[in-house]
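Enquirer: how does the following fold in three dimensions:
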Amino acid sequence: MHDGPDATPRGSGASDVLSRQEAGSPDGVAHAAIYDVESADPRSTLIDRSGVAPEDLRQIALVMGALGELRDAEQKLSLASRRYMRLNDTDMRALHYLIVCANRGATATPGGIATHLGISTASTTKLLDRLEKGGHIRRAPHPTDRRALAITITPETRQAAMETVGRQQAKRFYSAARLTADERDVVIRFLSDMAKEITLRDEPWAQPGVATSE
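Expert: Next up is the predicted model:
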């Protein structure tokens, strides 16, 4: 696909990632070492990499480094957006949900917001109280359900979010659009598979109330 008029320049792939990762820190540790499995797990305690060729290990390290760069960029964007909007991460996610509901012609409710955010009813009420006090949302009677409320984002907050954070986030579209259909299939399969691999299931250390002893 041809780059659109607003598209960012296409990088040269692995070579760009490698040049960035080769930059060292004042401690003498290259950025690439942070994502190199040999540096993170020299005794194969975490990962059995027997049978994996050295050139494959190097390329895997580049993949992990690229993912690390993406996380860094997302974290910086998230921090800047929260600072600009003067809201926390949960607030921003709630506003994004309200924008999507409005775009799809759906009526957002406290219950829907709670489900989307994975928080309790009490926490949702506090969140909505905070957003309403800040002039970011409005509560109104639900058009079809007398037991529920309809939640909408105010025009001012919607415009502020769309013209700043939303516009920056949307630029990810260009990266996906520059790929071929086959390349996108590979990326989708890779990201979905990685998400499954790191999804928490019944790990004892991740259960509520479990913490490391001091």
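Enquirer: how is the chain carved up into domains?
Expert: Taking automatic domain parsing as the criterion, the chain consists of the domains 13-85, 89-166.
Enquirer: and the longest helix along the chain, what's its mean pLDDT?
Expert: Criterion DSSP state H: the longest helix present in the chain is helix 54-85. Taken as a whole, helix 54-85 has an average pLDDT of 92.
Enquirer: quick one: list the elements packing against it.
Expert: Secondary-structure packing of helix 54-85 (3 or more C-beta pairs under 8 Å, 6 or more residues apart in numbering; DSSP states H and E): helix 14-21, helix 37-40, helix 89-103, helix 155-161, helix 167-170. (C-beta placed from N, C-alpha, C; glycine too.)
Enquirer: in it, what counts as buried?
Expert: 60-62, 64-66, 68-69, 81, 85 (16 or more other C-beta atoms under 10 Å).
Enquirer: switch the residues you listed over to CSV; also include distance to Q159.
Expert: Shown next, in CSV, are the buried residues of helix 54-85 (distance: C-beta to C-beta, whole Å):
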residue, distance to Q159
I60, 43
A61, 43
L62, 40
M64, 38
G65, 37
A66, 34
G68, 33
E69, 31
S81, 14
M85, 12
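Enquirer: just those now: which is nearest I34?
Expert: G68 (6.8 Å; C-beta to C-beta).
Enquirer: which residues touch the residue most central in space within the chain?
Expert: In the chain, the centroid-proximal residue (C-alpha atoms, centre = their mean) is E74; its distance is 6.3 Å. With contact set as C-beta atoms under 8 Å, 6 or more residues apart in numbering, E74 has no partners.
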